[in-house]
Structure formats: structure tokens, C-alpha cells
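> Here is the input, now give the coordinates:
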Amino acid sequence: MRVHFWGTRGSLPASISSEAIRKKIVTVVKAARTLKDYSDEEIEEFLQSSLLKGNLPFSAMGTYGSNTSCIEIVGGNEFVLCDAGTGIRDFGNHILNTASQQKDDSPKVFNILMSHLHWDHIQGFPFFTPAYKAGNRINIFGFHEELEKAFVHQQEYPFFPVPMKAMAAQITFTLLEPEKEYEIAGLTIKTKMQNHPGASYGYRFEKDGKSIVYSTDSEHKSEAYNDDYSFLDFLRDADLLIIDAQYPLFEAISTKENWGHSSNIMAVELSARANAKRLCIFHNEPSFSDEMLDEFLENTRKYLRIYSALPTLQIDLAYDGLQIEV
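Here you go, the predicted model:
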């Protein structure tokens, strides 16, 4: 299986400013003073080697992105997505562009598994271009009784000019039951109710002995420190954990307590205790710049070395466009 991250910001989209881009350019130009000439080939080699060797931070070479939650699970026999934040727009455009290049006009099936219905997790769907193509099938799964109503309502007047009934694809809504196991698109999927205002739900995808957990918008409180904390079994031995860690610890336990999100510290401890192989921090704080997120990731990795005597856990911070193979 493989995960493609199309949207990784939490709460709302966070575009990059012109000032921030100029700062990145200045950082790279200063580092490029060692170049003997400025041929296209040498510049490209310099950029690649600087990123691989860590001579330049990720924040200077790129951006963590602006889109809200949407990831693709690759490995099933149909398209599988988690959430429909603004990242689903880029995914849809990619699918149409690829089909056009390959001259593939065949109908497609898209399965969208919803964690919950807060706006940052559904706001991209009106811009999901495959939904406007006749012959495509879109299966939307979730746990909330208002599942269909939420999608339809955001495209009604006065919120949006194009109603859902104008979408030519066949769109169906299916309610799931918490804690049950499902087979969707050739993947075994386990589910878990999570602590979040209005409730959210996590998904564990399994195939060929590999496992990926998608657990966003989940706040872990004091009971998480108990040895019998039920969430640990849901995360146990996962090859990849994608976990909401929007806040630093102080914010998570003080000013933003009960907002439904967890800290990077909690993510590390849960991952280590569950014996996960890889952790990817997700639902990035929209007020954080790329430089702040670089620091946030580094602090998270430092804490792992403090917390665990054998820190074998690999830690990444999700960005739009990141792909991870498991």
C-alpha cells in the first residue's frame, strides 16, 4: 500500500504569502554562493543534494502546503480517499489530467471514507471534478446520521452556486457502524470512534500483512496513559500511523483543551507504546509557517530520543504531495 497526501492542514486552508516565498528564495540564493556556474543542471543538482544532505531545511526548499484534509490510500482495486477537504480538488484534477494523457475515458469508482463532517473535511467536494463526469461512481462512507445532508447542504443556496444534483456522477451515501470491520475496494478496514466535538472516527487499513492507520481529529486525554487504553490496540504494530498532532503540548492541555486535537508529544508516546514502525504527524496548525513546522518536527524527533531508550520509530510531518510506501 501507499499513501498520497493531498491535503494536510487542519481547520482551514493556509496559503503561503509572497513575503514567505521571498524569504525562501533569499535562503536558497545565499546557500548557492558555492556554485561555480548557474547552469540548469548544476542548479538542479545543488537543490537535490542540499535536500538529501540536510544542508537546507525543507522550509527553504518547499512548503508543507495549504490544503485541508484529504489522503489517498493506494493499493486497493478502486480509488480510496479519507476525507474531502480542499486536497480532494488537487486529487480530482490529477485523475482527470492522467486520464486525458492516457486517453482513458473509462468510468472510475471513488470511495471516500469520512472521519467526520466539520467543514474543513468536506469543503473540497464541490470542486471535485470527477463528480461532474457521467459514468463515475462516488461512494461516500461515514458514521454520522447527517452524512448526506451535510454534503448536500453545503452546495445549496446561498452557500454555493452549483447544487449536488447538478453533479453527473452517481453519488451514494452509506452509514457505517463504529468498531466494525469492513471490506472496501479490496482493503480490510477497521474503525474506531474518537474523542472530538460531535465525534470523529479513525480507520485502519490492512492488506497483505501491512497496515495504515488514519486517525485525525482525535483528542487523547489523561486516560491515554492507562495500560488498558483501548486506542492502543487500534494502533498496535501499524506500519504507518497518520495521527492528528496539531498542537504543541502546552496548547493541547491548556488554552486549546477540549478542542478535539492532540499534541506531538501524545502522538510520539502512543506510537511508541503501540510499537508502530512509522509516525506521520497530520492536521497541521494553519497559523504555523513552514519554518515553525520544521521546528515542530525537529522538537518531536528530539522528544522521541528522550522518551524512548531505543528510538526506532521514524517520524515525518505530512505535507501536500508527500507519498509514503508501506
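> Would you map the helices across the stretch 201-326 of the chain?
Listed in chain order, the helices of the stretch 201-326 of the chain (DSSP state H, counting those that start in this stretch) span 231-235, 249-253, 264-273, 290-307.
> right, and the ones you listed - which one's nearest V162?
helix 290-307 (33.5 Å; C-beta to C-beta). The way it works is simple: take the backbone N, C-alpha and C, and place the C-beta from them, glycine included.
> and the helices of the stretch 201-326 of the chain, which is most packed in?
Highest mean neighbour count among the helices of the stretch 201-326 of the chain (mean count of other C-beta atoms under 10 Å): helix 264-273, with a mean of 23.
> Can you pull out the residues in contact with that one?
220, 224, 231-232, 235, 241, 243-245, 247-249, 252, 279, 281, 296, 299-300, 303-304, 307-308, 311, 313, 315 (C-beta atoms under 8 Å, 6 or more residues apart in numbering).
> Just want the angle from it to helix 290-307.
Using axes from the mean of the first three to the mean of the last three C-alpha atoms, to 10 degrees, the direction of helix 264-273 lies 40 degrees away from that of helix 290-307.
> Packing partners of the lowest-mean-pLDDT helix or strand in the chain?
Least confident helix or strand, the chain: helix 40-53 with a mean of 78, by mean pLDDT, DSSP states H and E. Counting contacts by 3 or more C-beta pairs under 8 Å, 6 or more residues apart in numbering; DSSP states H and E, helix 40-53 is packed against helix 58-61.
> Quick check, S218 in contact with N195.
Yes. Using C-beta atoms under 8 Å, S218 is in contact with N195, at 6.0 Å.
> which residues of the chain score low on pLDDT?
51 (pLDDT under 70).
> all strands of it, in order?
2-7, 70-74, 79-82, 109-113, 137-142, 170-175, 181-184, 187-194, 200-207, 210-215, 240-244, 278-282, 314-317, 323-325 (DSSP state E).
> What strands flank the third one, and is each parallel or antiparallel?
I take that to be strand 79-82. Strand pairing for strand 79-82, determined by DSSP bridges: strand 70-74 (antiparallel), strand 109-113 (parallel).
> In terms of packing, which of S218 and N195 has more residues around it?
S218 (25 against 18; other C-beta atoms under 10 Å).
> beta partners of the closest residue to the more buried one other than its chain neighbours?
The spatial neighbour of S218 that comes closest, neighbours along the chain excluded (C-beta to C-beta, 6 or more residues apart in numbering), is Q194 at 3.7 Å. As for beta bridges, Q194 partners with S200 under DSSP bridges.
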